[in-house]
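>>> Structure for this input, please:
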Amino acid sequence: MGTKEDVRARLNIADVIGEHVRLTPAGKGRLKGLCPFHQEKSPSFQVDTEQGYFYCFGCKAGGDVFSFVQRIENLSFGDALRKLAERAGVQLEARYGERSSRDLYDVNAFALAYFREHLPGPALDYLRQRGLTDQTIEAFELGYAPEGWDGLLKRARARNLSERQLLEAGLLIENPESGRVYDRFRGRVMFPIRDHLGRLVGFGGRVLDDSKPKYLNTPETDAFKKGELLYGLDKARAGLGNGAELIVVEGYMDVIALHQHGFTGAVASLGTALTAEHAALLERLGAQRLVLMFDRDEAGLKATLAGLDQVLGAKFHVRATSVPSGKDPADALLAGDLQGIRNALAGGLDEARYRVQAAVEAHGIDTSEGKRRVLLALLPRMQNLDPLDEGAERIRALTCELLGIQPQALLDWISSKARRRTLTDTHLAGMRMHPAEEDRELALLRQLLVDPTLLAKLDGSMPWRNEAVRKVMLAAQGAQSPDDILEVFRGQPEEQLLIRLLFEGRNTGALSRDTNALYEQKVTAYAAAAVDDIQVGLSIDSMRAEVDLLKRQVAQASPPEQLALLKQIQELQRAIEAEKRARRSSA
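Predicted structure coming up:
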């Protein structure tokens, strides 16, 4: 068995690097070129063919042939070693678990040859009818599993392959009762599935008629783990290092059709949503931008949302889109709608807007029930309060903007399990934005900081909308001075708000010592009057909010209920006018 040094001895580092960098002579045993790891106009990248190392004087990248392949292809050392060993014709000693995988690759290669051999006929006609060229069919190694129960099995026996090997590769099925084994894939167009390194790990098969299941994949094996595989990634990965966008679609034919028309960044998951394993792999391969292009039906919507959940963890730039005609990409291209595909890829929505728009389209926001359902639909994504999760933060901001609710009220609702269980109309009304009302609350707090004893003038039933005001009012109970209140919030975010309000409430300017005492008396007297005035204003705002809520309920109520609601509205309006008169008479 070969070693790492055997691989190194059989390879010329200049040949390997020369496939990625245009090298020119730079002295004895030296070559130079533009560094592939950073942007530069004059070559600072050099290769020492005698020593077997490379080094860039610009970005300081350097190493041997294995390091170069690791960097340029975003591979682990083990994967780079195996890739170069295969190139050098060196057979490495398999680590634990690798020998069985290597056997599976070989068995799959045997099966692929069998499927390719049987492609001519109805299967080839079908692929051509789907608009695929012979060149594309060859590039994607498409084949056909003929009808019959044991065609592949008989061929395997003739080649001295055991039933056990084919069973382990998922190419055979064993009847548990009779023990009989037979071919898994029968009467299906066969799509070879390779991992990101190009290793043949399994197959997907599609029927030519309306039989079920329409698609059948290799079962889970040591080599085939569908939650980690993306069909077409072995071809699409070439552009990832240059910032190319990866297009995630639903089906094999979508991937192939897109590649044929020049969209070589297309891949497909194998019947699953994007997983955390997919995200980790794509991040390692250098992917930065993803566009999810799924059907517009309910299944497509669910697939898009599920995909968005996973990829955000890897901090990709993600958009979601669909073909305007409503068709899947393969059908759209077959119908000649190339421009529709281009438009879809040029447009689309980012994750936040896609989620919010999907929720609004599904539930509407014209009623309280619609708003409630929108909030509940977005809750799982909004409740991640990690400051690095920009997606969740943006969804919260869009939700507040669209539903007209206060950011802090939304955060309070998200963090309270009890409130999430009982999102009533009253809660919704309480979450609505009332800028003027919040300004009054802050003004009231400013006056109470001038003289905390004025807190006794409040009846304690005020439903504070500003969370900071609510906390301070609660802590201010029994306080005799502003210092007593500040001490409670020392080192907390509310401290800065309180200090600002204190400065605003006691803007003494350049008062002398003689006039300062008189100033203090006037400020205190003003504070007492201001508390009365602000409290009246808050009361009026609260009643107006209740009137607005009742008016919205009238439109949805039955005639008897409408009469009762209108009566409540009239009573509240009379109370508002009474408060206004009281304010004018005391002015």
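
>>> What residues does F185 make contact with?
Neighbour list for F185: 115, 145, 152, 171, 203, 205, 216 [criterion: CB atoms under 8 Å, 6 or more residues apart in numbering]. For the C-beta atoms, the positions are set from N, CA and C on the backbone; glycine is no exception.

>>> Tell me the confidence at it?
On the pLDDT scale, F185 is placed at 95.

>>> burial count for L81?
Neighbourhood size, L81 [other CB atoms under 10 Å]: 20.

>>> mind listing what's buried in the helix or strand containing it?
Following DSSP states H and E, one finds L81 within helix 77-88. By neighbour count with 16 or more other CB atoms under 10 Å, helix 77-88 contains the buried residues 79-85, 88.

>>> do stretch 136-156 as well
136-137, 140-146, 151-153, 155-156.

>>> Repeat that for stretch 232-243.
232-237, 240-241.

>>> With stretch 103-118 instead?
Residues 103-105, 107-108, 110-112, 114-116, 118 are the ones in stretch 103-118 that count as buried (16+ other CB under 10 Å).

>>> same thing with stretch 7-21?
Applying 16+ other CB under 10 Å to stretch 7-21 flags 7-8, 11, 13-14, 16-17, 21 as buried.

>>> List of residues touching it?
For stretch 7-21, the external contacting residues (CB under 8 Å, 6+ apart) are 23, 31, 33-36, 45, 47, 49, 52-54, 64-66, 68-69, 72, 81, 84-85, 87-90, 92.

>>> can we see that at 6 Å?
Defining contact as CB atoms under 6 Å, 6 or more residues apart in numbering, one finds that stretch 7-21 is touched by 31, 33, 36, 47, 49, 52, 65, 68, 72, 84-85, 88, 90.

>>> now stretch 257-277
With CB under 6 Å, 6+ apart as the criterion, stretch 257-277 contacts 136, 217, 226-233, 236, 239, 244-249, 251, 255, 306-307, 310-311, 329-330, 333.

>>> got the residue ranges for the helices in the stretch 251-400 of the chain?
For the stretch 251-400 of the chain, applying DSSP state H, counting those that start in this stretch gives helices covering 252-260, 276-284, 298-311, 329-334, 338-346, 351-363, 368-382, 390-403.

>>> Tell me which of the ones you listed sits nearest to Q129.
Taking CB to CB, helix 329-334 is the member of these nearest to Q129, at 8.7 Å.

>>> Please name every helix or strand in contact with the closest one.
Contacts defined by 3 or more CB pairs under 6 Å, 6 or more residues apart in numbering; DSSP states H and E place helix 329-334 against helix 252-260.

>>> before we move on, back to that, so which of the helices of the stretch 251-400 of the chain is the most surrounded?
Comparing the helices of the stretch 251-400 of the chain by mean neighbour count (mean count of other CB atoms under 10 Å), helix 252-260 ranks first with a mean of 24.

>>> CA atoms only for that one, dumped as PDB, please.
Extracted in PDB, the C-alpha atoms of helix 252-260 (Å, rounded to 0.1, in the frame of the first residue of the first chain):
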ATOM      1  CA  TYR A 252     -32.700  15.900 -11.200                       C
ATOM      2  CA  MET A 253     -34.200  17.000 -14.600                       C
ATOM      3  CA  ASP A 254     -34.300  20.600 -13.300                       C
ATOM      4  CA  VAL A 255     -30.500  20.400 -12.600                       C
ATOM      5  CA  ILE A 256     -29.700  18.900 -15.900                       C
ATOM      6  CA  ALA A 257     -31.800  21.200 -18.000                       C
ATOM      7  CA  LEU A 258     -30.400  24.300 -16.200                       C
ATOM      8  CA  HIS A 259     -26.800  23.100 -16.800                       C
ATOM      9  CA  GLN A 260     -27.500  22.500 -20.400                       C
END
